[in-house]
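Colleague: return a 3D structure for these sequence lines:
(one chain, ligands or ions: 1)
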Amino acid sequence: MQKIVGPITNHNGKLWFDGVNAKELVDKFDTPLFVISENRIRENYNRLSKALKSNYQKTRICYAAKANSNISVLRILETEGSSVDAVSPGEVSLSLKASFPPERILFTGTSVRNDELKFLIDSKVTINVDSFSQLDRLLRLGVPNLLSVRINPEIGAGYHSHVITAGKDSKFGIWAKDAPRVYETAKKAGVSRFGIHMHVGSGILNVKAFVLALDRLLEISKKIHKSVGVDFDFIDMGGGIGVPYRQDDPTLDLDLLSHKVLTLFKRRIHDYDLGDPFFYVEPGRYIVSDASILLTKVNTVKTTPFKNFVGVDAGFNTLVRPTMYGSYHHILVANKLDLTEEEVYDVVGPICESGDILAKDRQLPKIQEGDLLAVLNAGAYGFSMSSQYNARPRAAEVLVKNGKYTLIRKREKLGDLLRGQIIAEWLK
Ligand code: LLP
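Modeller: Residues are numbered from 1 along each chain as shown. Coordinates of the predicted model:
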């Protein structure tokens, strides 16, 4: 029997998601299809918000839009009172479109161009500078009232080297020894309010990693406060809260995380004379990962002397995480929830590369052509990392809520592959 989690329910062996029959969605919208539960996004946000606020009232959640930047998802979070962590002018524009006021948008980009800096200043969002170079160029374009600095706290964490974003090999942030100079320069230029930020990595299931890194950030904050005389409006711990992907993965104890991190925070801001800054977090995955499944149809069942392959219509063009990070995504056979997992398959996509594997050596019920698979935890870094590789139009997204559903991103058509392309005059 396949284990059921989150907004998924089992109706006589058939998968429903947030009150909607997966088969009905597929009949209407085809596959591959991302299905997103509004209720689950709200639940995840509120669970986290409650856990944090029970230890410190002045907390703010900045949803990391890179995980899923569909504007309906952004709208849901805006109505919950969330702020946004944006990493590109594109994410800023989408957030503005979703009605986030600029003061609830925090930009944390790296390798940022001058025209992008100008756009950010004009948009009046809060900027987190990532380098002295960026600060210098920013101040020549305009002096914001409030400015934040991304620090490399020298402690990185995360489930894969690609997603560890602090420490000696990291391109992100400013090292502690250089930080006072950055604040001093900004202060001299006329900046009057400040924030401080870090983001150590992603998919962290271990409370201790957050505590260690935050302790370091607070110590750096103290030094800056003492040497430059700046106060902080906010101290931002970054994102990275992990979620279980395997059915036996541990779940991060949110109350413990909140208690440990905020007890430390309150003690240090008191001892270091840092006033009462806001405490920010920037979760992406935690808010949206388990709020979405990817539905994909089986078109091929192939047996070789060594393997059983299940060929589906979603490859790494649709969900790149298994190929890019070796990530595990649990798979349910949406039309066979009551059957036992008696066969072992590699679930593969339509991309012409051998690395196009959604699941390797996976035990599943016996599969036939036409079966419908649900790939779980597809909400974070699913659509947002998808591509048109192999000239395949991108998937559609549907939002579901208490039994109703609506299309929130149209499936691309073949014509979309031509968008922006021009045949060279001399080739006509
Ligand atoms: N804040 C900053 C500055 C970030 O760079 C990130 C993620 C986050 C917040 C949110 O991290 P989260 O809470 O989602 O872990 N594509 C990878 C994840 C890359 C994350 C990069 N930065 C994946 O699919 O696992």
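
Colleague: show me where this protein has its helices.
Modeller: If DSSP state H is used as the criterion, the helices of the chain fall at 22-29, 38-53, 71-79, 89-97, 114-123, 132-141, 179-189, 207-228, 254-271, 285-288, 321-325.

Colleague: got TSV for the ones you listed, with distance to F306 too?
Modeller: Every C-beta, even on glycine, is put in place using the N, C-alpha and C of the backbone. TSV is the format used below for the helices of the chain (distance: least, C-beta to C-beta, whole Å):
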stretch	distance to F306
helix 22-29	31
helix 38-53	39
helix 71-79	41
helix 89-97	44
helix 114-123	50
helix 132-141	52
helix 179-189	55
helix 207-228	40
helix 254-271	43
helix 285-288	35
helix 321-325	20
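
Colleague: and these, which is most packed in?
Modeller: Of all these, helix 285-288 carries the top mean neighbour count, a mean of 29, counting by mean count of other C-beta atoms under 10 Å.

Colleague: got the CA coordinates for it in PDB?
Modeller: Below are the C-alpha coordinates for helix 285-288, written out as PDB (Å, rounded to 0.1, in the frame of the first residue of the first chain):
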ATOM      1  CA  ARG A 285      10.900  25.000  -0.100                       C
ATOM      2  CA  TYR A 286       9.200  24.800   3.200                       C
ATOM      3  CA  ILE A 287       6.300  26.900   2.000                       C
ATOM      4  CA  VAL A 288       5.600  25.300  -1.400                       C
END
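
Colleague: show me what contacts V20?
Modeller: Going by C-beta atoms under 8 Å, 6 or more residues apart in numbering, V20 touches 35, 400, 403-405.

Colleague: distance of it from D27?
Modeller: Applying C-beta to C-beta, to the nearest Å, the value for V20 to D27 is 12 Å.

Colleague: same question for D115.
Modeller: Between D115 and D27 the distance, using C-beta to C-beta, works out to 46 Å.

Colleague: try G420
Modeller: When distance is defined by C-beta to C-beta, G420 is 32 Å away from D27.

Colleague: for V298, same thing?
Modeller: Counting by C-beta to C-beta, the gap from V298 to D27 is 16 Å.

Colleague: most proximal residue of the stretch 1-150 of the chain with respect to the ligand?
Modeller: When you check the stretch 1-150 of the chain against the ligand by C-beta to the nearest ligand atom, the closest residue turns out to be A64, at 3.5 Å.

Colleague: ok, the nearest residue to that residue once chain neighbours are set aside - how many residues close by?
Modeller: For A64, the nearest residue in space outside its immediate sequence neighbours is G284; the separation is 3.1 Å by C-beta to C-beta, 6 or more residues apart in numbering. Residues lying near G284 (other C-beta atoms under 10 Å) number 24.

Colleague: next up, the contacts around G284.
Modeller: By C-beta under 8 Å, 6+ apart, G284 lies in contact with 63-68, 85, 202, 239, 380-381.

Colleague: picking up where we left off before, a markdown table for the helices of the chain, including mean pLDDT and distance to A374?
Modeller: As requested, the helices of the chain are arranged in a markdown table below (pLDDT from 0 to 100; distance: least, C-beta to C-beta, whole Å):
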| stretch | mean pLDDT | distance to A374 |
| --- | --- | --- |
| helix 22-29 | 98 | 6 |
| helix 38-53 | 98 | 14 |
| helix 71-79 | 98 | 19 |
| helix 89-97 | 98 | 27 |
| helix 114-123 | 97 | 38 |
| helix 132-141 | 96 | 42 |
| helix 179-189 | 97 | 46 |
| helix 207-228 | 96 | 31 |
| helix 254-271 | 98 | 25 |
| helix 285-288 | 98 | 16 |
| helix 321-325 | 97 | 15 |
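
Colleague: export those helices to a markdown table and tack on distance to the ligand?
Modeller: As requested, the helices of the chain are exported to a markdown table (distance: least, C-beta to the nearest ligand atom, whole Å):
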| stretch | distance to the ligand |
| --- | --- |
| helix 22-29 | 23 |
| helix 38-53 | 11 |
| helix 71-79 | 13 |
| helix 89-97 | 11 |
| helix 114-123 | 15 |
| helix 132-141 | 14 |
| helix 179-189 | 17 |
| helix 207-228 | 11 |
| helix 254-271 | 13 |
| helix 285-288 | 4 |
| helix 321-325 | 5 |
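
Colleague: and those: which comes nearest T303?
Modeller: T303 lies closest to helix 321-325 among the helices of the chain, at 21.7 Å (C-beta to C-beta).

Colleague: low-confidence ranges in the stretch 251-400 of the chain?
Modeller: Applying pLDDT under 70 to the stretch 251-400 of the chain flags no residue at all.

Colleague: got the domain ranges for this protein?
Modeller: According to automatic domain parsing, the chain is divided into the following domains: 8-37+289-418, 38-288.

Colleague: need the per-residue pLDDT for the residue positioned nearest the centre of the chain.
Modeller: Centroid check for the chain by C-alpha atoms, centre = their mean gives A67 as the closest residue, at 2.5 Å. At A67 the predicted local distance difference test score is 98.

Colleague: what do you get for M1?
Modeller: M1 is assigned a pLDDT of 49 by the prediction.

Colleague: do G167 as well
Modeller: G167 is assigned 73 on the pLDDT scale.

Colleague: residues making contact with stretch 331-348?
Modeller: Contacts to stretch 331-348, defined as C-beta under 8 Å, 6+ apart, come from residues 1-2, 4, 8, 10, 12-15, 22-23, 295, 307-312, 315, 356-367, 371-376.

Colleague: ends of it, how far apart?
Modeller: 12 Å (C-alpha to C-alpha, to the nearest Å).

Colleague: and for stretch 166-180?
Modeller: The separation between the terminal residues of stretch 166-180, taken as C-alpha to C-alpha, is 19 Å.

Colleague: I figured G311 hits K297, correct?
Modeller: No. G311 is beyond contact range of K297, at 9.9 Å (criterion: C-beta atoms under 8 Å).

Colleague: quick one: Y63 from Y280, how far?
Modeller: Applying C-beta to C-beta, the value for Y63 to Y280 is 11 Å.
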